[in-house]
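Visitor: Sharing a model that was predicted from the sequence below.
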Amino acid sequence: MSGTINCDRSGYRSFSFSASSYPVEFRKEQTLTGLILGERCVVRGGAVDRYDIIGTLNELTFIVQHPPPPPALPCGFQRRDGSNDPASFLIEMGRTSGFFDFHRDTYFVPDNLILACADGGTVNSQSQVATGCVGTGRVVSSMSMRYACSSSRIRVTVDPDCSNLGNTDWTFTLTCGRP
């Protein structure tokens, strides 16, 4: 199978690959670097079977876009995890500004949770608010926060086990936004 990709800003490329068998349907993903957001690209490709019979030439046109944002969790949803891997969550607040309550429990191994508007704005008059590397000791810590965001989503980023003490556990909840 071979083909070309021609983009109006980043230019022309060709690609080819082969299959060791001849299935009825063959799928191949191609990762390309150097594409420019907003540019228009045309992909043309075709295949030759084992008898050197040329198949139908296929063409696909697309515009390079940002991937869609991940789905947001609903406000009021308690997120619990025991992972030591950093994570980021979008929370749908239901409105672009107002107040919400932030509840967290980082138990005995300290974790740092960072809150920021997902698409720009402020939380407590800052671009981001960090809890600091703290273990709450099985006590739920709660605070009321003011926010003014460009969208109705807040991003919570978890830096787990920020003191490198071992396996961690944490929970957090953001209540729905209110005036």
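Guide: Received the coordinates, thanks.
Visitor: which SSE is the residue nearest the centre of the chain in?
Guide: Geometric centre of the chain, nearest residue: residue 70, 5.1 Å, by CA atoms, centre = their mean. Under DSSP states H and E, no helix or strand contains residue 70.
Visitor: buried ones in stretch 141-161?
Guide: For stretch 141-161, the neighbour count (16 or more other CB atoms under 10 Å) marks 145, 147, 149, 151-156, 158, 160-161 as buried. For every residue, glycine as well, the C-beta is placed using N, CA and C.
Visitor: Give me the subset of the residues you listed lying in helices.
Guide: Nothing among the buried residues of stretch 141-161 maps onto helices, per DSSP state H.
Visitor: mind listing what's buried in the lowest-mean-pLDDT helix or strand in the chain?
Guide: Among the helices and strands of the chain, strand 11-16 carries the lowest confidence by mean pLDDT, DSSP states H and E, at a mean of 82. Within strand 11-16, the residues that qualify as buried are residue 13, counting by 16+ other CB under 10 Å.
Visitor: Output it as PDB, restricted to C-alpha atoms.
Guide: Provided in PDB are the C-alpha atoms of strand 11-16 (Å, rounded to 0.1, in the frame of the first residue of the first chain):
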ATOM      1  CA  GLY A  11       3.900  20.300   2.200                       C
ATOM      2  CA  TYR A  12       4.000  16.900   0.500                       C
ATOM      3  CA  ARG A  13       4.900  13.500   2.000                       C
ATOM      4  CA  SER A  14       4.700  10.000   0.700                       C
ATOM      5  CA  PHE A  15       4.200   6.800   2.700                       C
ATOM      6  CA  SER A  16       4.200   3.100   2.000                       C
END
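Visitor: Quickly run through the sheet partners of that strand, with directions.
Guide: strand 2-7 (antiparallel) (DSSP bridges).
Visitor: How about residues contacting the partner strand?
Guide: 12-17, 30, 32, 35-36, 39-47, 64 (CB atoms under 8 Å, 6 or more residues apart in numbering).
Visitor: switch to 6 Å and redo it
Guide: Residues external to strand 2-7 that are found in contact with it (CB atoms under 6 Å, 6 or more residues apart in numbering): 12-16, 39, 41-45.
Visitor: and which of these is nearest to residue 134?
Guide: Taking CB to CB as the measure, residue 134 lies nearest residue 39 of the contacts of strand 2-7, at 45.9 Å.
Visitor: So the closest one is in contact with residue 64, correct?
Guide: Yes: counting by CB atoms under 6 Å, residue 39 does reach residue 64; the two are 5.3 Å apart.
Visitor: returning to what we had before: mind listing what the closest residue in space to the residue nearest to the centre of the chain that isn't next to it in sequence touches?
Guide: The shortest distance from residue 70 to any non-neighbouring residue, by CB to CB, 6 or more residues apart in numbering, is to residue 90 (6.2 Å). Residue 90 makes contact with 72, 118, 153, 155 under the criterion CB under 6 Å, 6+ apart.
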